[in-house]
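S.K.: Dropping the sequence and predicted coords here.
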Number of protein chains: 2
Amino acid sequence: MSVHLEQISSNRCHGGWLTRYRHRSATLDCDMVFAVYLPPQAETRTVPALYWLSGLTCTDENFMQKAGAQRLAAELGIALVAPDTSPRGEDVPGDPEGAWDFGHGAGFYLNATLPPYSRHYRMHDYVVHELPALLEAQLPLNNRRSISGHSMGGHGALVCALRNPGRYRAVSAFAPISHPMDCPWGQKAFSRYLGEDESCWAAWDATRLISEASERLPLLVDQGEADSFLKAQLKPEALQIACTAAGHPLNLRMQAGYDHSYYFIASFIDDHLRHHAAALLD
Amino acid sequence: MSVHLEQISSNRCHGGWLTRYRHRSATLDCDMVFAVYLPPQAETRTVPALYWLSGLTCTDENFMQKAGAQRLAAELGIALVAPDTSPRGEDVPGDPEGAWDFGHGAGFYLNATLPPYSRHYRMHDYVVHELPALLEAQLPLNNRRSISGHSMGGHGALVCALRNPGRYRAVSAFAPISHPMDCPWGQKAFSRYLGEDESCWAAWDATRLISEASERLPLLVDQGEADSFLKAQLKPEALQIACTAAGHPLNLRMQAGYDHSYYFIASFIDDHLRHHAAALLD
């Protein structure tokens, strides 16, 4: 029996359609909302999809409203998929103090192992397995996938690609949390989702995963030099050192004057779309 | 003495800078916030400016965050200026019932004549005179101006251009309130801002102004056919009839499937930017 996709809204955009759906996620054990942009080409054939993972506090809406990605996606014939950033709902435990950097809006794209979070917080499996299976069965998407994201979602994109060789044709990130084991956001999230045993953390840390990567998928990473989170939270230099040591291809572009906002993402999203298109459409 | 521009925020975007400012408006007798996007070319010379007037409930932020206009503006070398949609503040009277279609966020880009609104609600003079004078004195903008907008702001753009021949080199609109005298939004606003004497309304109605226009500035108007406000509020057919009767050039493009959202604007903003650039950069 196919999962029911409830359509919430649909907007024509750049000749295609942006649609928001609600569905029951078996992986996350809650209702979830996501958005899909189908380019005009999807009216007559299946198209590949770029999965976009957003950052802390975001929903499926931020990227579609602010990144301006639909214009070139429509031209290239690539679908855009934006999931939410965590499980949601009154039954889903959030941050005990209501903080914005953990719990709702802060799922960190991992599979939690520690109660009470382990029941719902399985965003890795949701993004990598459940959502693509659902979409490829019910929408005109083929099985060519790539993945990108911003900040927490940049971490998510890198980790999803590194943990699942062969599943994505390309990967990129904007201002990713490159080494979450070694920054306050990551340490808070990992200790609560995974427990205090740090040996379990490396499996969700891009900088640590690089050394064991069996697939040499080239990484495109843009980072604003005026990003206020750069030094304490994002640490692209750690990723760069790991890539150099492992001989893993990395194109790390430090962008002078750019901050952590969606204006930064909008400025370089076309470069990322072309990077993904080269692998998705070859 | 030059007016002080207080910088609220600044974001690098597509090689230029998007900056929000607060200032004391003498015309509106209140503090106002606006946003300016300066393209990279403004670092070495003055550039022309496209003024964007937003719709009901908007501020200076909606267009800059959602329209995706900065990309091509940076390429063309055109500044974008986004004022707020009404005077603001606790001292500024709003809608007595707190409605969203009158008062705060709904200044209708006219000069009110009826108390208590006549003191602050002078958005026409603010947009046409005070703001350009301020910006051309303090920022690298030359005196080449054009104007566009959405919905209430589309009405504003058409009326500002039609009332002020020679002041704008180009004009366009997305889903404008084309004949406000003949729709509920316009009738509510005009009766309160201007009084019940409808003979005073025609001076703020694009469809009425067309017949007396001394300048034949070509109008580019995009309208979504799936726009839920099309029949009751927007009435582009009235504008079309008036243009035909007056021999005024109008390119009215009915866009199948598009609604009233910023996804519609984002889909066609590049066409409008090129329309304006042809006149601003000739």
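M.R.: Now that the structure is in, tell me what you want to look at.

S.K.: all contacts plus neighbour counts: C-alpha atoms, from now on.
M.R.: OK.

S.K.: Low-confidence ranges, chain A, go.
M.R.: Chain A contains residues with pLDDT under 70 at A:1.

S.K.: C-terminal to the host helix or strand of A:A161, which secondary structure element comes first?
M.R.: Using DSSP states H and E, A:A161 falls within helix A:152-163. Per DSSP H and E, the first helix or strand lying C-terminal to helix A:152-163 is strand A:171-174.

S.K.: mind listing the strands in chain A by residue range?
M.R.: A:6-13, A:16-25, A:30-38, A:47-53, A:79-83, A:141-149, A:171-174, A:219-224, A:250-255 (DSSP state E).

S.K.: So what's the residue count around the closest residue in space to A:L281 that isn't next to it in sequence?
M.R.: Closest residue in space to A:L281, ignoring its immediate chain neighbours: A:P48 at 7.7 Å, by Cα to Cα, 6 or more residues apart in numbering or on different chains. A total of 23 residues lie near A:P48 under the criterion other Cα atoms under 10 Å in any protein chain shown.

S.K.: Also the one 5 residues further on?
M.R.: The criterion is other Cα under 10 Å. On that basis, A:L53 has 29 neighbouring residues.

S.K.: OK, contacts around it?
M.R.: Residues near A:L53 by Cα atoms under 8 Å, 6 or more residues apart in numbering or on different chains: A:82-85, A:147-150, A:152-154, A:156-157.

S.K.: okay, those residues in a markdown table with neighbour count and distance to chain B next?
M.R.: As requested, those are exported to a markdown table (neighbours: other Cα atoms under 10 Å in any protein chain shown; distance: Cα to the nearest Cα, whole Å):
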| residue | neighbour count | distance to chain B |
| --- | --- | --- |
| A:A82 | 24 | 16 |
| A:P83 | 24 | 19 |
| A:D84 | 26 | 19 |
| A:T85 | 29 | 20 |
| A:I147 | 28 | 22 |
| A:S148 | 28 | 20 |
| A:G149 | 27 | 18 |
| A:H150 | 28 | 16 |
| A:M152 | 30 | 21 |
| A:G153 | 28 | 20 |
| A:G154 | 31 | 20 |
| A:G156 | 34 | 24 |
| A:A157 | 32 | 24 |
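
S.K.: and the helix holding A:A161, what other elements does it pack with?
M.R.: Secondary-structure packing of helix A:152-163 (3 or more Cα pairs under 8 Å, 6 or more residues apart in numbering or on different chains; DSSP states H and E): strand A:47-53, strand A:141-149, strand A:171-174, helix A:206-210.

S.K.: Could you single out the most deeply buried of those?
M.R.: Sort the helices and strands packed on helix A:152-163 by mean neighbour count, taking mean count of other Cα atoms under 10 Å in any protein chain shown, and strand A:171-174 sits at the top with a mean of 29.

S.K.: elements contacting it?
M.R.: Here strand A:171-174 touches strand A:141-149, helix A:152-163, strand A:219-224, helix A:262-280, going by 3+ Cα pairs under 8 Å, 6+ apart.

S.K.: hmm, 10 Å instead?
M.R.: With contacts taken as 3 or more Cα pairs under 10 Å, 6 or more residues apart in numbering or on different chains; DSSP states H and E, strand A:171-174 sits against strand A:47-53, strand A:141-149, helix A:152-163, strand A:219-224, strand A:250-255, helix A:262-280.

S.K.: okay if I get these as TSV plus distance to B:L110?
M.R.: Shown next, in TSV, are those (distance: least, Cα to Cα, whole Å):
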stretch	distance to B:L110
strand A:47-53	43
strand A:141-149	44
helix A:152-163	45
strand A:219-224	42
strand A:250-255	43
helix A:262-280	32
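
S.K.: isn't A:D91 right next to A:Y121, touching?
M.R.: No - counting by Cα atoms under 10 Å, A:D91 stays clear of A:Y121, with 11.9 Å between them.

S.K.: anything in contact with each of these two?
M.R.: Here A:D91 and A:Y121 have A:D29 as joint contacts, going by Cα atoms under 10 Å, 6 or more residues apart in numbering or on different chains.

S.K.: who has more neighbours, those two?
M.R.: A:Y121 (31 against 10).

S.K.: Look up the closest residue to that one, ignoring the ones flanking it.
M.R.: Nearest residue to A:Y121, sequence neighbours excluded (Cα to Cα, 6+ apart): A:A112, at 5.5 Å.

S.K.: any idea how far the residue most central in space within chain A lies from B:L217?
M.R.: By Cα atoms, centre = their mean, chain A has its centre lying nearest to A:L53, at 2.3 Å. Remark: distance between A:L53 and B:L217 (Cα to Cα, to the nearest Å) = 45 Å.

S.K.: residue contacts, A:G107?
M.R.: For A:G107, the contacting residues are A:55-57, A:84-88, A:94, A:101, A:117, A:120-124, A:152-153, A:156, A:189, A:193, by Cα under 10 Å, 6+ apart.

S.K.: again, 6 Å this time
M.R.: Neighbouring residues of A:G107 by Cα atoms under 6 Å, 6 or more residues apart in numbering or on different chains: A:85-86.

S.K.: What does it show for phi and psi?
M.R.: Backbone geometry at A:G107, expressed as degrees, to the nearest 10, gives phi -80, psi -10.

S.K.: Quickly note the distance from it to chain B.
M.R.: Separation of A:G107 from chain B (Cα to the nearest Cα, to the nearest Å): 25 Å.

S.K.: Quick one: neighbours of the residue of the stretch 151-282 of chain A at minimum distance from chain B, just the number.
M.R.: For the stretch 151-282 of chain A, the residue closest to chain B is A:S267, as judged by Cα to the nearest Cα, at 4.6 Å. The number of residues packed near A:S267 is 20, by other Cα under 10 Å.

S.K.: hmm, back to that, okay, the strands of chain A in CSV with distance to A:Q240 next?
M.R.: Listed next are these as CSV, based on distance: least, Cα to Cα, whole Å:
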stretch, distance to A:Q240
strand A:6-13, 37
strand A:16-25, 36
strand A:30-38, 32
strand A:47-53, 21
strand A:79-83, 27
strand A:141-149, 18
strand A:171-174, 13
strand A:219-224, 10
strand A:250-255, 7
